[in-house]
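A.B. asks: Generate a structure from the sequence data that follows.
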Amino acid sequence: MARRDLIDCARGNRPADLLIRGGRIVNVLTGELHAADVAILGERIAGVGPGYEALETLDAGGALLLPGFLDGHVHIESSMCVPSQFARVVVPAGTTTVIVDAHEIANVRGLAGLAFMLADSEHIPLDVYMMAPSCVPASPYETSGAILGSQDLAKFLAEGRVLGMGEMMNFPGVVGADAEVMAKLALGTAIVDGHAPALTGKDLCAYVAAGVMSDHECRTADEAVEKLRLGMHVMIREGSLARNLVDLLPAINATNQERCMLVTDDRHADDLVAHGHINYAVKLAISHGLDPVVAVKLASLNCARYFRLDGVGAIAPGWQADILLVDGWDAFNVGLVVKRGRVVARDGVALFDPPRASTAGVLDTVRVAALAPGAFDVRSPGSAARVRVIGIVPGQCWSHSLERDLRIVDGVVMPDLAQDVAKIAVIERHQATGNVGLGFVHGFGIARGAIASTVAHDAHNLMVMGTNAMDMHVAAQALVESQGGVCAVRDGQVLELLALPIGGIMSDQPMANVAAKLHALQEVACEQLGIRAPHPFMTLAFLALSVIPELKITDRGYVDVSRFDLVPVLAPSPAYPSGQQ
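C.D. replies: You can find the predicted model right below:
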């Protein structure tokens, strides 16, 4: 669209392509709500106000006109769907732009995985920008399917839709000035996202001084305020497992809200289908007292400004025509979505069916060495042993580091369901190395059987948790045969399985199908295995994330994230950690 044509339309000298008449603009530039018509020419807004004519007119009927929502930090792979299917659900919910860190598929297939994500998101009415994954693998204590060094990242940063450096999860490497981390930071990208759970004081100052600009791992308002005071942008996360929005709202004030934005990070298909995407976070913020216009700004303009997406995130002349029609603050139903000047969704239904990219480069990724008898056994002499145990934290990516006394039978340390202690293992599945990390976990409430998943952040090895070795073996073998996925097993029988053949972490099926399978898996886990923990499969997946405190497990064993080092299963001290009995 020539600039002269836009000027002529703005002046009323030529008709607009589309006129939205009779709406009330949520103006995130001035913080007010005002009645106005919106004239659109091509992909841009030409004019805002009365007196415009157009080839097509939409009667807003007094609806709120909002700028399209942006998600500033999302791993599409966590939806377990490819970008083209992801778009068919989030666009009708009002999301018109996402900034993606695809380090999940990058950990499986490196640059080939990133190329797939770019290709599959190319012809959809959702602007998909990407960040270069800075930590593939996330730490030196796991085996991934690929390693991306600074030279690989330099190549990817040259892609047109790549905006900067993705979350720098190796915060110990930043603070300790690790040579390879410094080489990545030296690439000089304009934007560097962060990942700094519980980092504080001088170490946090060092992290910020290194050039890291944002964080999405705040759990408390005090943590958010400290980071805001040091100049960071705070991404307020409301995902499927980590739900931090309500706790962080008290940190927002009239001055610092310019440096806050709403993100989802990881959101499962069942949550997306049932509850929505960024629209859910906006509605939740409003229901907990945040000014509605500010809530919309946190979901639009603030994100666009941080990522330097000029002309995105507000309704004004010359800006990109990404506009939502919403019926009101209470119900907050997104009735119509306009993306780059075209109506692309109505009443929650996508009006597009995008082509799918070839998956040839991201299939056949589950390669597991044969599991020997006793592969899941932790062995020790004696009749009892004190062991380290991962303690899950419901609703969080965090975990506790616990210790428990467990019985030994025939030299094998046994789980103890009376103490809610089950077995857990991570099997390397990229290079068939035979690595199996072993441990124990508290908090799932599992009474029988096993669950397994090749979705295991961030290296995405094969993870299995259960009450007995037989069911764990069956679960692991089922996912090898399906080339990835999530399953539940009892008494040697696979009760339910969701196949995820794309990188072992995604399906190319419609999200509704994936959501239905996930719902069935959740029911089986609860009703037939007795699991009490909410979101058990996502909870399991995050127990492998070796950059989130306190105790995690990878194919190389336990990782004490506070020490950032491997530790043995058998505990050296008879004393329990303070407050964790």
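
A.B. asks: Next, give phi and psi for Gly382.
C.D. replies: phi 90, psi -170 (degrees, to the nearest 10).

A.B. asks: who's in contact with it?
C.D. replies: Ile408 (Cβ atoms under 8 Å, 6 or more residues apart in numbering). Quick note: C-beta positions are derived from backbone N, CA and C, even for glycine.

A.B. asks: Distance check, it against Phe440.
C.D. replies: Note on Gly382: its distance to Phe440, by Cβ to Cβ, to the nearest Å, is 17 Å.

A.B. asks: hey, where'd the strands end up in the stretch 401-550 of the chain?
C.D. replies: 412-413, 421-427, 436-442, 450-453, 462-466, 485-490, 493-499 (DSSP state E, counting those that start in this stretch).

A.B. asks: So which bits of the last one are buried?
C.D. replies: Judged by neighbour count using 16 or more other Cβ atoms under 10 Å, the buried positions of strand 493-499 are Val494, Leu495, Glu496, Leu497, Leu498, Ala499.

A.B. asks: Quick one: residues contacting the last one.
C.D. replies: Shown here is Ala499, whose contacts under the criterion Cβ under 8 Å, 6+ apart are Ser482, Gln483, Gly484, Gly485, Ser507.

A.B. asks: Likewise for the third one?
C.D. replies: Applying Cβ under 8 Å, 6+ apart, one finds that Glu496 lies in contact with Cys487, Ala488, Lys517, Ala520, Leu521, Val524.

A.B. asks: Repeat that for the fifth one.
C.D. replies: Leu498 makes contacts with Met80, Gly485, Val486, Cys487, Ser507, Val514, Lys517, Leu518, Leu521, as judged by Cβ under 8 Å, 6+ apart.

A.B. asks: Could you check the pLDDT of it?
C.D. replies: Leu498 is assigned a predicted lDDT (pLDDT) of 98.

A.B. asks: Quick check: the nearest residue to it once chain neighbours are set aside vs Phe537, distance?
C.D. replies: Nearest non-adjacent residue to Leu498, counting by Cβ to Cβ, 6 or more residues apart in numbering: Lys517, 4.1 Å away. Distance, Lys517 to Phe537, by Cβ to Cβ: 11 Å.

A.B. asks: Counting neighbours, go ahead and name the busier of the two.
C.D. replies: Phe537 (26 against 22; other Cβ atoms under 10 Å).

A.B. asks: That one and Leu529 touch, don't they?
C.D. replies: No - assessed by Cβ atoms under 8 Å, Phe537 is found out of contact with Leu529, at 11.6 Å.

A.B. asks: Common neighbours of these two, please.
C.D. replies: With Cβ under 8 Å, 6+ apart as the test, Phe537 and Leu529 both reach Ile451.

A.B. asks: how about low-confidence regions in the chain?
C.D. replies: Scanning the chain for pLDDT under 70 picks out 1, 573-581.

A.B. asks: What lies in contact with whichever strand or helix holds Asp193?
C.D. replies: Assigned by DSSP states H and E, Asp193 belongs to strand 192-194. With Cβ under 8 Å, 6+ apart as the test, strand 192-194 has contacts from 73, 101, 131, 134, 164-168, 171, 185, 207, 211-216, 232.

A.B. asks: who does it pair up with?
C.D. replies: strand 162-168 (parallel) (DSSP bridges).

A.B. asks: helix or strand right after the partner strand?
C.D. replies: Next along the chain after strand 162-168, taking DSSP H and E as the criterion, comes helix 171-175.

A.B. asks: Restricting to C-alpha, output the next helix or strand after that following helix in PDB.
C.D. replies: Per DSSP H and E, helix 171-175 leads on to helix 179-185 as the next helix or strand towards the C-terminus. Extracted C-alpha coordinates of helix 179-185, given in PDB (Å, rounded to 0.1, in the frame of the first residue of the first chain):
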ATOM      1  CA  ALA A 179      33.000 -18.000  27.600                       C
ATOM      2  CA  GLU A 180      30.300 -19.500  25.300                       C
ATOM      3  CA  VAL A 181      27.500 -17.500  27.000                       C
ATOM      4  CA  MET A 182      29.600 -14.400  26.600                       C
ATOM      5  CA  ALA A 183      30.100 -15.200  22.900                       C
ATOM      6  CA  LYS A 184      26.300 -15.400  22.500                       C
ATOM      7  CA  LEU A 185      25.800 -12.100  24.200                       C
END
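
A.B. asks: can you pull the buried residues of helix 179-185?
C.D. replies: Val181, Lys184, Leu185.

A.B. asks: can you count the residues close to the nearest residue to the first one once chain neighbours are set aside?
C.D. replies: By that I understand Val181. Of all residues not flanking Val181 in the chain, Gly173 sits nearest, at 3.9 Å (Cβ to Cβ, 6+ apart). Gly173: 23 surrounding residues under other Cβ under 10 Å.

A.B. asks: Would you agree Gly173 is in contact with Ala183?
C.D. replies: No - assessed by Cβ under 8 Å, Gly173 is found out of contact with Ala183, at 10.8 Å.

A.B. asks: Quick check: the gap between Arg44 and Ala432.
C.D. replies: 53 Å.

A.B. asks: These two: who's more crowded?
C.D. replies: Of the pair Arg44 and Ala432, Arg44 is the one with more neighbours under other Cβ under 10 Å, namely 22 against 13.

A.B. asks: any idea how far the more buried one lies from Asp471?
C.D. replies: In terms of Cβ to Cβ, Arg44 sits 58 Å off from Asp471.

A.B. asks: got the contact list for stretch 270-277?
C.D. replies: By Cβ under 8 Å, 6+ apart, stretch 270-277 touches 69, 71, 79, 86, 89-90, 93-95, 240, 264, 267, 511-512, 515, 518-519, 522.

A.B. asks: if you set the cut-off to 7 Å instead, what comes out?
C.D. replies: 71, 79, 89-90, 93, 95, 240, 264, 267, 511-512, 515, 518-519 (Cβ atoms under 7 Å, 6 or more residues apart in numbering).

A.B. asks: Could you export that stretch as CSV, CA atoms only?
C.D. replies: As requested, the backbone C-alpha atoms of stretch 270-277 are provided in CSV (Å, rounded to 0.1, in the frame of the first residue of the first chain):
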residue,chain,number,x,y,z
ASP,A,270,-6.8,-28.3,26.6
ASP,A,271,-6.4,-25.0,28.3
LEU,A,272,-6.2,-23.1,25.0
VAL,A,273,-9.4,-24.8,23.7
ALA,A,274,-11.4,-24.5,26.9
HIS,A,275,-10.2,-21.1,28.2
GLY,A,276,-8.4,-19.2,25.6
HIS,A,277,-5.0,-17.5,25.3
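
A.B. asks: In it, which residues are buried?
C.D. replies: So, applying 16+ other Cβ under 10 Å, buried residues of stretch 270-277: Asp270, Asp271, Leu272, Val273, Gly276, His277.

A.B. asks: and Ile147, that's in a strand?
C.D. replies: No - according to DSSP: H, G, I helix; E, B strand; the rest coil, the state of Ile147 is coil, so it is not within a strand.

A.B. asks: Surely it touches Val136?
C.D. replies: Yes - counting by Cβ atoms under 7 Å, Ile147 touches Val136, with 6.3 Å between them.

A.B. asks: Neighbour count for the two, which is higher?
C.D. replies: Val136 (29 against 13).

A.B. asks: just to confirm, which helix or strand has the more buried one in it?
C.D. replies: Assigned by DSSP H and E, Val136 falls outside every helix and strand.

A.B. asks: What is whatever helix or strand Asp71 lives in packed up against?
C.D. replies: Assessed by DSSP H and E, Asp71 sits inside strand 69-74. Contacts defined by 3 or more Cβ pairs under 7 Å, 6 or more residues apart in numbering; DSSP states H and E place strand 69-74 against strand 95-101, strand 260-263, helix 278-287, helix 301-306.

A.B. asks: Now do the first one against strand 162-168, angle only.
C.D. replies: It refers to strand 95-101. 60 degrees (axes from the mean of the first three to the mean of the last three Cα atoms, to 10 degrees).
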